[in-house]
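1. show me how the following folds:
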Amino acid sequence: MKALSSIKASIASIASIVSIVSIASISPVSAAPIRLWDGTSVRARGVTLAPYLPDSGTSAPSAAVIVCPGGSYCWHDYEAEGLRVAEWLQREGIAAFVLKYRVQGIFPYIFHTRLIARGHQHPDALCDVQRAIQYVREHAADFGIDPSRLGVMGFSAGGHLSMSAAAYAATDFLAPLGIRHDVSLRPDFVAPIYPVVTMHRPYVHSRSRRALLGEYRKHRRLMRDSLSLEHHVTADCPPVFLMNCEDDPIVMYQNSVLLDSALTAHGVPHIYIRYAHGGHGFGGDTSKFSSETALWQPAFMRWFRSLDINNSTNFNSNGNQ
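-> As a prediction, the model looks like this:
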């Protein structure tokens, strides 16, 4: 009876989330989604990359951003934190690629099926984002982009993934899978937006930790340490645009404070913008913006255009705005 009650509670807790997962009403993408693992030994047909290529009217290659929607590493908020973000970047003349990376899934989340079967867990999502970086760089000419101006932007758990792409770039997670390449897996900039950062109390987002580490490994301190991003920032980390809200009801704002402190301690060029009001999950959906979070996209574009990769003075600013 206790188990049944737990299942009912879990179902009730995600009832409001199921509508996020449905993408039936989402507008079509600019190009057909790419199945990133086709032609390899990795069985992950659900991992796709949807390109949104700008019509720049010029032969100059554009910058590009791989977009990682959030969803607690359990599902994808594919519309607000994926497609709406890609459409905005596309309008700004930046190529966007929405990544559907491997997540735990709703059924395994409710019924804890990974107690008996591995399912999806770390390092699957990190392999997917590295594969996306590899693919986009190798096909840069086809997409009309500059492979030296490729960033990763992510939201919530996707923010953890985007920052992981930078923090663990020196480790080639593709090599053990038999993937050979000659391109860098290091993004040129990253933008974690209201990100999950730590795997430790008191600020951990427990659902993301369980989904990422698995029902067994979530209890292991070594695994928690290895994926707590505040412990893995290095001096050669690419520039970071970090943003969140103090009234975030899902991921405690102190996650970003920890990351900001680590970036500052290692001298990493970055900006940290913390709004008082705005909550969580708004992504690129303007209907969910507060008067403050409506400013985050213009703030990102100012920061982006100031980077060294755009042949201008690097914006090296720390602290809140």
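2. need the three-state assignment for residue 63.
-> In the three-state summary, residue 63 is assigned as strand, counting by DSSP: H, G, I helix; E, B strand; the rest coil.
3. that one contacts residue 97, doesn't it?
-> No - here residue 63 lies out of contact with residue 97, judged by CB atoms under 8 Å, at a distance of 11.7 Å. In short, each C-beta sits where N, CA and C put it, glycine included.
4. flag the shaky bits of the stretch 51-200 of the chain, pLDDT-wise.
-> Counting by pLDDT under 70, the ranges of the stretch 51-200 of the chain that qualify are 56-57.
5. hmm, 90 instead?
-> Low-confidence regions of the stretch 51-200 of the chain, defined by pLDDT under 90, span residues 55-60.
6. re the thing from before, higher neighbour count, residue 63 and residue 97?
-> A count of neighbours by other CB atoms under 10 Å puts residue 97 above the other of residue 63 and residue 97, at 29 against 24.
7. what helix or strand is the more buried one on?
-> Of the helices and strands defined by DSSP states H and E, residue 97 is found in strand 95-100.
8. now for the helix or strand following that strand, which elements pack on it?
-> Proceeding N to C from strand 95-100, the next assigned helix or strand is helix 106-111, under DSSP H and E. Identification of packing neighbours for helix 106-111 by 3 or more CB pairs under 8 Å, 6 or more residues apart in numbering; DSSP states H and E yields helix 2-13.
9. how about a cut-off of 10 Å?
-> Contact analysis of helix 106-111 by 3 or more CB pairs under 10 Å, 6 or more residues apart in numbering; DSSP states H and E lists helix 2-13, helix 15-21, helix 206-213 as its packing neighbours.
10. pLDDT of the second one, averaged?
-> In this model, helix 15-21 has an average pLDDT of 37.
11. my guess is residue 242 contacts residue 274, does it?
-> Yes - proximity of residue 242 to residue 274 meets the contact threshold set by CB atoms under 10 Å, at 8.6 Å.
12. hey, what's in contact with both of these two?
-> When contacts are counted by CB atoms under 10 Å, 6 or more residues apart in numbering, residue 242 and residue 274 are jointly contacted by 194, 256, 257, 260.
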